[in-house]
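My questions are about this predicted structure, shown below with the sequence.
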Amino acid sequence: MRTTDEALFINFGILYPFLERMERKGLVRSAWVKRGPERKIHVYEITAAGRKALEKTESTWLRVIKQLKNMIRVPA
């Protein structure tokens, strides 16, 4: 995994095992979708349970960021 100022780049060797674990937990669902005459792509979609988990995780990270900013005295 690497980052630039505006993007996060994730290796496929990390991404797909992560998506498979999320699917087993019911956080995403997937389907093979036909694109063109001979091409299929694997499409993932977040589930209601996944959205709830995302909101909880986001809330937790926002609290952590706020606490870190307070520790180093950076205005929010």
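Cool, the structure landed.

which secondary structure elements does the longest helix belonging to the chain contact?
Among the elements of type helix in the chain, defined by DSSP state H, the one spanning the most residues is helix 48-72. Here helix 48-72 is seen to pack against no other helix or strand when contacts are counted using 3 or more C-beta pairs under 8 Å, 6 or more residues apart in numbering; DSSP states H and E. For every residue, glycine as well, the C-beta is placed using N, CA and C.

low-scoring stretches of this protein, by residue?
Where the chain drops to pLDDT under 70, the residues are 1-6, 74-76.

Buried residues, stretch 19-32. List them.
Judged by neighbour count using 16 or more other C-beta atoms under 10 Å, the buried positions of stretch 19-32 are Met22, Leu27, Val28.

now swap in stretch 43-52 and tell me
Applying a neighbour-count criterion of 16+ other C-beta under 10 Å, the buried positions in stretch 43-52 are Tyr44, Gly50.

With stretch 50-65 instead?
Buried residues in stretch 50-65, counting neighbours by 16+ other C-beta under 10 Å, are found at Gly50, Ala53.

Can you tell me what sits against that stretch?
Residues from elsewhere that reach stretch 50-65, judged by C-beta atoms under 8 Å, 6 or more residues apart in numbering: Met22, Gly26, Leu27, Val28, Ile46.

and it, how far from the chain's centre?
Here the centre of stretch 50-65 is set off from its chain's centre by 11 Å, with C-alpha atoms, centre = their mean, to the nearest Å.

swap in stretch 51-71?
A distance of 15 Å separates the C-alpha centroid of stretch 51-71 from that of its chain, computed with C-alpha atoms, centre = their mean.

Can you verify Arg29 is assigned to a helix?
No. Secondary structure assignment places Arg29 outside any helix; it is strand (DSSP: H, G, I helix; E, B strand; the rest coil).

That one contacts Val43, doesn't it?
No. Using C-beta atoms under 8 Å, Arg29 is not in contact with Val43, being 9.4 Å away.

Now do the shared contacts for the two.
Where contact means C-beta under 8 Å, 6+ apart, no residue is in contact with each of Arg29 and Val43.

that older thread, need the contacts of stretch 50-65 in CSV with distance to Lys66, can you?
Putting these into CSV (distance: C-beta to C-beta, whole Å) gives the following:
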residue, distance to Lys66
Met22, 27
Gly26, 30
Leu27, 25
Val28, 28
Ile46, 25
